[in-house]
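K.L.:
give me coordinates for this.
(one chain, ligands or ions: 1)
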Amino acid sequence: MEKIITRFPPSPTGYLHVGGARTAIFNWLYARHMNGKFVLRIEDTDIQRSTQASVDAIFEALQWLGIDWDEGPYFQTQRFEIYREYIQKLVDSGHAYYCTCSPEQIDAMRQAAMASGDKPRYDGTCREMGRIKTTQAVVRFKAPLSGTTVVEDVIKGNIVFKNDELDDFVICRSDGTPTYNFVVVVDDITMNINTIIRGDDHVMNTPKQILLYRALGSPLPTFGHVPMVLGNDRARLSKRHGAMSVTAYRDMGYLPDALLNYLVRLGWSHGDQEFFTREELINAFDIEHIGRSAGIFDIEKLQAINADHIQASAASDLVDPLWPFLKDRGIEIEDGDYTTNVIQTLQPRSKTLTDMADAAMFYYLEDIIFEEKAARKFLKAAALEPLRLLVDKLESSTDYSEKNLEGVFKAVMDETGLKLGKIAQPVRVALTGKTASPGIFEIITILGPERVIPRLGKAIQFIEANLDKSSG
Ligand code: GLU
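P.N.:
Have a look, this model is predicted:
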C-alpha cells in the first residue's frame, strides 16, 4: 500500500487556536497510525498578515502538544520558483491563459452579472484570445464551462459542485505572485501529499483545487473535511468563548496529553471511551470515525479529562510541568524528590496544574498564614493539650512513617480522650493554614520534623496569645 502522507499547513496570521490544533492532530495521528509521514508547511504568501511571531507561536504550540513533523517546515514564500514553473506548465498545456482585462472591465462584468441575477464572475473575454504575457496580465485557469466536479469526501460523502458556477479564477496576479488555491495544489502535489484532512471552511476551495490537479495530470488525494469546533452557544469558536490559543491552555495548567485527548474526542470517537493516552490514540485513530457534526468546546469536559490525565501521570513526570506555576508563586523547586512526593498527594484533587500549585503552597512556605475562619474554628483552647502532646511525642520520634504516625495520634487520642477528628483538624490548620488538605499523616510524612515541629509550635503560641488576650 502507498505510504500515507498528510500535512498541516497553517497560515501564520495569529497563534495556533484549538480548532487548528485539532486539524493538525488529526493529520498527525493518522500519519502516525499508518506509519506514514506528516509534513509541516507554513502558508505565508499573505505577506501583509503573516508574521514571524505567529510562525514562532505555531511551532511553540505544536512542540508543546508533542506534534512532531517528519518533513518541513516548508515556507511558501521560499517556493516561488516552483510555482512559476507550474504556472508555465498550465499555460503551455492550454489549461491557463493570460488575461489583460483591466480592473474596470472586470468590475463592469461583475456588475452586469449581478444585474442579471448571476454570481459575479469573469465573463471569459480573454479565454480564447491567445494573449501573451504583459506586465499587466494575470493568468487565469481555464475552468470547464459545464458538467460537475465532485468532491469525494471521506467524512461528508460526495459533494457535487456545478462547473458553470466556478469561473476562470486567477492563479497568478499581474505582479507575478501566485494565488492561494493554486499554491496549495502545487505544494500538495510536489510534497506527495495523498491525504488531506482540513476544516470544512475549506470545502468551497476543493472543487477548484480538484480541477487544478486534473489539469496538472496528478492523482487526487483523499479529502476529508472536518466540521468546525463550536462554542457552547453553537457559534463558531471565537475569543468571546474564552481562550483560543493552545498555549493559553498550557498557561492555565492543562497537560498537553489532556488537551490532545480532548480535542481528538471533540470530533472522533472510539466506542464510548473518553480517556486515551497518546499511544492509545495513535493505535486507535482512523478517519472512518471522524464525526460529521460539529464539536462543541466544553471547558468543563476538558477540565475533567485534564484531571484524569493528572491522576494517571507518574508524579515525577509532573515536576517539570508544575515548576513554572510554582515559580509564578515565588517558589523555587530545589528538591525534585520532595516535589514528587508533594505532587503525589495532590494528584487526586487537582483539575489543573494551577489548582495543584495553589494547593501545594503550604508545602513550601516558610511561614504559614492561618485562614481566619479556620483559625477561629480550630485553633482554640481545646486544641492546646492535644497539640502540646503531639509536639512532645513527635520531638522524641524520628520515625515519620504513616504507620508510626498512626500510633502517635492514637496515643494522643488515648491520653486526651478526644476523637481523631478533634485532633486532626487543629493539626491541619497548624500545618497548612486551611481546613482542607491531603491526608494528615501524608502531609506530616512529607513535611518532616523540620517543618512540622515549628508549625505546631506557632499554632500553640497563636492559641496562647489569644487566651491571654481574652483573659487580660
Ligand atoms: N492555510 C490554511 C489555513 O490555515 C489551510 C489550507 C489547507 O488545509 O488546505 O486555514
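
K.L.:
switch to C-alpha atoms for all contacts and neighbour counts from now on
P.N.:
Fine.

K.L.:
I'd assumed S93 was in contact with F141.
P.N.:
No. Contact between F141 and S93 fails when scored by Cα atoms under 8 Å: they sit 11.2 Å apart.

K.L.:
looking at the two, which is more packed in?
P.N.:
F141 (26 against 12; other Cα atoms under 10 Å).

K.L.:
tally of neighbours for the closest residue to the more buried one other than its chain neighbours?
P.N.:
Using Cα to Cα, 6 or more residues apart in numbering and skipping the chain neighbours, the partner closest in space to F141 is A96 (4.3 Å). A96 has 25 neighbouring residues, counting by other Cα under 10 Å.

K.L.:
ok, A96 - contacts?
P.N.:
Contacts for A96 (Cα atoms under 8 Å, 6 or more residues apart in numbering) come out as 87, 90, 139-142.

K.L.:
hmm, F285 is touching H33, no?
P.N.:
Yes. In this structure F285 lies within contact range of H33 using Cα under 8 Å: 6.5 Å.

K.L.:
how about the residues of the protein by the ligand?
P.N.:
Where the chain comes near the ligand, counting by Cα under 6 Å from any ligand atom, the residues are 9-11, 43, 198.

K.L.:
for R22, grab phi and psi.
P.N.:
When read as degrees, to the nearest 10, the backbone of R22 gives phi -60, psi -40.

K.L.:
and it, what does it touch?
P.N.:
260, 263-264.

K.L.:
what distance do you get for I305 to K351?
P.N.:
Note on I305: its distance to K351, by Cα to Cα, to the nearest Å, is 8 Å.

K.L.:
what do you get for L379?
P.N.:
Taken as Cα to Cα, the span from L379 to K351 is 30 Å.

K.L.:
likewise for D118?
P.N.:
For D118 relative to K351 (Cα to Cα), the value is 55 Å.

K.L.:
within the helices and strands, which one has the residue of the stretch 51-200 of the chain found nearest the ligand?
P.N.:
The stretch 51-200 of the chain approaches the ligand most closely through R198 (5.0 Å), counting by Cα to the nearest ligand atom. Counting by DSSP states H and E, the element that carries R198 is strand 195-199.

K.L.:
then I282?
P.N.:
Applying DSSP H and E, one finds I282 within helix 278-284.

K.L.:
give me the sheet partners of whichever helix or strand comes after that helix and which way each runs.
P.N.:
For helix 278-284, the succeeding helix or strand toward the C-terminus, using DSSP H and E, is strand 295-296. Each strand paired with strand 295-296, and its direction, by DSSP bridges: strand 229-230 (parallel).

K.L.:
give me the mean pLDDT for the partner strand.
P.N.:
Across strand 229-230, pLDDT averages out at 92.

K.L.:
same question for stretch 11-22.
P.N.:
95.

K.L.:
swap in stretch 349-366?
P.N.:
Here the average pLDDT along stretch 349-366 is 97.

K.L.:
let me see the residues that make contact with that stretch.
P.N.:
252-255, 303-304, 306-307, 310, 321-322, 325-326, 331, 342-343, 346-347, 368, 431-433, 437, 447.

K.L.:
identify each buried residue in it, please.
P.N.:
349-354, 356-357, 359-364 (16 or more other Cα atoms under 10 Å).

K.L.:
can you check stretch 328-337 too?
P.N.:
I333.

K.L.:
now swap in stretch 46-60 and tell me
P.N.:
50-51, 54-55, 57-60.

K.L.:
JSON lines for these, including secondary structure and pLDDT?
P.N.:
Shown next, in JSON lines, are those (DSSP: H, G, I helix; E, B strand; the rest coil; pLDDT from 0 to 100):
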{"residue": "S50", "secondary structure": "coil", "pLDDT": "96"}
{"residue": "T51", "secondary structure": "coil", "pLDDT": "96"}
{"residue": "S54", "secondary structure": "helix", "pLDDT": "97"}
{"residue": "V55", "secondary structure": "helix", "pLDDT": "98"}
{"residue": "A57", "secondary structure": "helix", "pLDDT": "97"}
{"residue": "I58", "secondary structure": "helix", "pLDDT": "98"}
{"residue": "F59", "secondary structure": "helix", "pLDDT": "98"}
{"residue": "E60", "secondary structure": "helix", "pLDDT": "98"}
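
K.L.:
any idea of the mean pLDDT for the longest helix seen in the chain?
P.N.:
Identified as the longest helix of the chain according to DSSP state H is helix 449-471. Across helix 449-471, the average pLDDT comes to 93.

K.L.:
so which elements touch that helix?
P.N.:
If you count contacts as 3 or more Cα pairs under 8 Å, 6 or more residues apart in numbering; DSSP states H and E, helix 449-471 packs onto helix 381-395, helix 420-432.

K.L.:
tell me which of the ones you listed is the most buried.
P.N.:
Highest mean neighbour count among the helices and strands packed on helix 449-471 (mean count of other Cα atoms under 10 Å): helix 420-432, with a mean of 22.

K.L.:
which residues are in contact with that one?
P.N.:
362-363, 368, 370, 374-375, 378-379, 383, 386-387, 409-410, 413, 434-437, 440, 452, 455-456, 458-459.

K.L.:
now the residues you listed: which count as buried?
P.N.:
362-363, 368, 370, 374-375, 378-379, 383, 386-387, 409, 413, 434-435, 437, 440, 452, 455-456, 458-459.

K.L.:
ok so, going back, want to throw the residues of the chain next to the ligand into CSV with neighbour count, distance to G66 and secondary structure?
P.N.:
Formatted as CSV, these follow (neighbours: other Cα atoms under 10 Å; distance: Cα to Cα, whole Å; DSSP: H, G, I helix; E, B strand; the rest coil):
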residue, neighbour count, distance to G66, secondary structure
P9, 23, 17, coil
P10, 21, 17, coil
S11, 21, 20, coil
E43, 23, 21, coil
R198, 23, 19, strand
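
K.L.:
ok, of these, which one's closest to V391?
P.N.:
P10 (61.7 Å; Cα to Cα).
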